[in-house]
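Student: turn this into a structure:
(4 chains)
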There are 2 protein chains.
Amino acid sequence: MQTKLPQSTIERLCLLFQFCAKLQAEGIARISSTGIGSALGIPAHTIRKDINYLGEVGDTGSGYEVSRLMGHLSEALGFNLPRRACVVGLGRLGSALLEYNRVLPPGFSIEAGFDSSINRLETIRTDIPLYPAYEISDVVRREAIELALLTVPAAAAADVAEDLVKGGIRGIINFTPAVISPSLEEVVVRNMNVVNELRFLSASIALRVSKSV
Amino acid sequence: MQTKLPQSTIERLCLLFQFCAKLQAEGIARISSTGIGSALGIPAHTIRKDINYLGEVGDTGSGYEVSRLMGHLSEALGFNLPRRACVVGLGRLGSALLEYNRVLPPGFSIEAGFDSSINRLETIRTDIPLYPAYEISDVVRREAIELALLTVPAAAAADVAEDLVKGGIRGIINFTPAVISPSLEEVVVRNMNVVNELRFLSASIALRVSKSV
DNA sequence: GCGTGTGAACTGGTTCACAGCG
DNA sequence: CGCTGTGAACCAGTTCACACGC
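Tutor: Residues are numbered from 1 along each chain as shown, chains lettered A, B, ... in the order given. Below is the predicted model:
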């Protein structure tokens, strides 16, 4: 059980897990590295290497058994552990994200929403408990929330991120254009910046590059 | 003017462009690679290498002049070109994205929204013209739309993507968990999958990895 | 023969270190 | 003397190729 997986391998394994879940839903029990590769648009060698980080999992000659593969993935990447998340900033995007609670795969749940505007907290209709922004660190700690979806205005992002860290957050998805560098090194930050992605597409087109991620 | 920029360089340069815009708004005219690096959380050498792909831009001994740097970036990555975009699938997320039209940087604009439900098209209040899904390829072509934000249900994603390609789309941001591999190789696809990002965070925590992107 | 597992070869992006110029 | 530009060194991840099991 390595701690040395390259980041890109982790990303691909997450994708693979999702894909396995889909296979399972379709009742497919077995899949080969070539099968996976073509479905995911990734070369088969890469898939095999990635899976090998988990130890020997496949049956030589006949591919991988989906359920066993998922088992190994779950164990290695902790997908069996429950993960409690929250949404911080309940503008259009943030309140749309609250709805994700319904489609989240087993294990993930959204346990809280935060906003600095009391008005908004009162307006939004949802089953998820909502709290004013100043309670962030308290609630995060009390509710054992590990993950945050950050959709506040850019100017507030850094401060809010610190509140989250104070509450003991472990990972943040940063939807704002601000750069977040938490005081705690262990906190993982992922950036999902629509505007920047648009820029990337625009640049790629301008350069006539082709390959994607 | 290279066409050989590594993908990660392009990503960093997009970030840099955004950062320069911010500097300019604050009236800062000059910045060194170290300054950029610490603001963006990227080592200074990397910044210098990245910028060098654009040719010589800095003034030895005194860093980069922000406006000139932006000029070079705009030219190399085509940020001066206008880019027309559309949103396909107007659920919670999609209709939230329509709002982005207000915050998009100069050059970018959202010119159309699509949904298969006429009901939705009639309900949503926006200045952006909305069309039924079957008009996608026509409208995309007629309106010279180059970029698409894809927020339809996963099951529909592949088909809709093909419609976009038929209309001549150049780049797609795929918010769905489906894997999009357009028939046209030139079409660039970027995946922004919230669920998968959550999985990635969860995995990173489980592995006690630290570094982000 | 098909398909996994894996050491070895390769590739290209990142890091380093220093020359050169203001 | 600070900071850029850049060739060279390094290294991680990807790709290859083949041995082995079914």
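
Student: need the pLDDT of the residue sitting furthest away from the middle of chain A.
Tutor: In chain A, the residue that sits farthest from the middle, by CA atoms, centre = their mean, is A:Gly61; the gap is 33.5 Å. Residue-level confidence at A:Gly61 comes out at 77, pLDDT.

Student: do A:Phe200 as well
Tutor: According to the prediction, A:Phe200 has pLDDT 97.

Student: ok now the helix ranked longest in chain A, how far from the chain's centre?
Tutor: With secondary structure taken from DSSP state H, chain A has its longest helix at helix A:7-25. Helix A:7-25 sits 12 Å away from the centroid of its parent chain (CA atoms, centre = their mean, to the nearest Å).

Student: what about that helix, average pLDDT?
Tutor: Mean predicted confidence for helix A:7-25 is 96.

Student: before we move on, the earlier item: three-state assignment of the residue farthest from the centre of chain A?
Tutor: Following DSSP: H, G, I helix; E, B strand; the rest coil, the label given to A:Gly61 is coil.

Student: one more: A:Thr126?
Tutor: Judged by three-state DSSP, the three-state class of A:Thr126 is coil.

Student: next up, phi/psi of A:Ile172, please.
Tutor: The phi/psi pair for A:Ile172 (degrees, to the nearest 10) reads phi -130, psi 130.

Student: what do you get for A:Ile110?
Tutor: For A:Ile110, the backbone dihedrals (degrees, to the nearest 10) come out as phi -100, psi 120.

Student: what about it, neighbour count?
Tutor: Neighbour count for A:Ile110, taken as other CB atoms under 10 Å in any protein chain shown: 24. Any C-beta I mention is one placed from the backbone N, CA and C, and that applies to glycine too.

Student: circling back: next one: the longest helix of chain A, is it in contact with chain B?
Tutor: Yes: contact of helix A:7-25 with chain B (CB under 8 Å from any CB of the partner chain) involves A:Gln7, A:Ile10, A:Glu11, A:Leu13, A:Cys14, A:Leu15, A:Phe17, A:Gln18.

Student: contacting residues for the fourth one?
Tutor: For A:Leu13, the residues meeting the contact criterion (CB atoms under 8 Å, 6 or more residues apart in numbering or on different chains) are A:Leu5, A:Asp50, A:Ile51, A:Tyr53, A:Leu73, A:Ala76, A:Leu77, B:Ala203.

Student: closest one of those to A:Pro182?
Tutor: Closest approach between the contacts of A:Leu13 and A:Pro182, by CB to CB: B:Ala203, at 18.4 Å.

Student: hang on, isn't that closest one packed against A:Leu81?
Tutor: No: using CB atoms under 8 Å, B:Ala203 is not in contact with A:Leu81; the gap is 10.1 Å.

Student: if we can go back for a sec, is there proximity between the longest helix of chain A and DNA strand D?
Tutor: Yes: judged by CB under 7 Å from any atom of the strand, helix A:7-25 comes into contact with DNA strand D at A:Gln7, A:Ser8, A:Thr9.

Student: pLDDT of stretch A:150-157, averaged?
Tutor: Averaging the model's pLDDT scores along stretch A:150-157 yields 97.

Student: which residues does that stretch contact?
Tutor: Residues outside stretch A:150-157 that contact it (CB under 8 Å, 6+ apart) are A:87-91, A:93-94, A:97, A:116, A:160-161, A:164, A:172-178, A:180.

Student: give the buried residues for it.
Tutor: Judged by neighbour count (16 or more other CB atoms under 10 Å in any protein chain shown), stretch A:150-157 contains these buried residues: A:Leu150, A:Thr151, A:Val152, A:Ala156, A:Ala157.

Student: so where do the helices sit in chain A?
Tutor: A:7-25, A:33-40, A:44-52, A:66-77, A:92-98, A:118-123, A:136-142, A:154-167, A:194-207.

Student: quickly check: the shortest one near chain B or not.
Tutor: No: for helix A:118-123 and chain B, the contact criterion (CB under 8 Å from any CB) is not met; the two come no nearer than 14.2 Å.

Student: repeat that for the fourth one.
Tutor: Yes: among the residues of helix A:66-77, A:Ala76, A:Leu77 lie within reach of chain B under CB under 8 Å from any CB.

Student: which residues sit against that helix?
Tutor: By CB under 8 Å, 6+ apart, helix A:66-77 touches A:1-2, A:10, A:13-14, A:16-17, A:20-21, A:23-24, A:28-31, A:51, A:53-55, A:57-58, A:79-80, B:199, B:202-203, B:206-207.

Student: which of those count as buried?
Tutor: Judged by 16+ other CB under 10 Å, buried ones among the contacts of helix A:66-77: A:10, A:13-14, A:16-17, A:20-21, A:23, A:31, A:51, A:53-54, A:57-58, A:79, B:199, B:202-203, B:206-207.

Student: can you narrow the residues you listed to ones near DNA strand C?
Tutor: A:Ile51, A:Val57, A:Gly58.

Student: the residue most central in space within chain A bridge partners, please.
Tutor: Nearest to the geometric centre of chain A sits A:Ile173, at 7.3 Å (CA atoms, centre = their mean). Assessed by DSSP bridges, A:Ile173 has beta-bridge partners A:Leu149, A:Arg190.

Student: could you list the domains of chain A?
Tutor: With domains defined by automatic domain parsing, chain A comprises A:7-76, A:83-195.

Student: from DNA strand C, how far off is A:Gly63?
Tutor: 4 Å (CB to the nearest atom of the strand, to the nearest Å).

Student: ok, back up a step: between the residues of helix A:7-25 next to DNA strand D, which is closest to A:Ala144?
Tutor: Using CB to CB, those come closest to A:Ala144 at A:Gln7, 26.2 Å.

Student: ok, the residue nearest to the centre of chain A to B:Ile42 distance?
Tutor: Going from A:Ile173 to B:Ile42 by CB to CB, to the nearest Å gives 20 Å.

Student: same check, this time on A:Asn119
Tutor: The value you get for A:Asn119 to B:Ile42, if CB to CB is used, is 39 Å.

Student: show me which of these two is the more surrounded one.
Tutor: The neighbour comparison of A:Asn119 against B:Ile42 (other CB under 10 Å) goes to B:Ile42, with 17 against 9.

Student: now the more buried one: phi and psi?
Tutor: Backbone geometry at B:Ile42, expressed as degrees, to the nearest 10, gives phi -130, psi 140.

Student: that one: what's it in contact with?
Tutor: By CB under 8 Å, 6+ apart, the neighbours of B:Ile42 are B:Arg12, B:Ile36.
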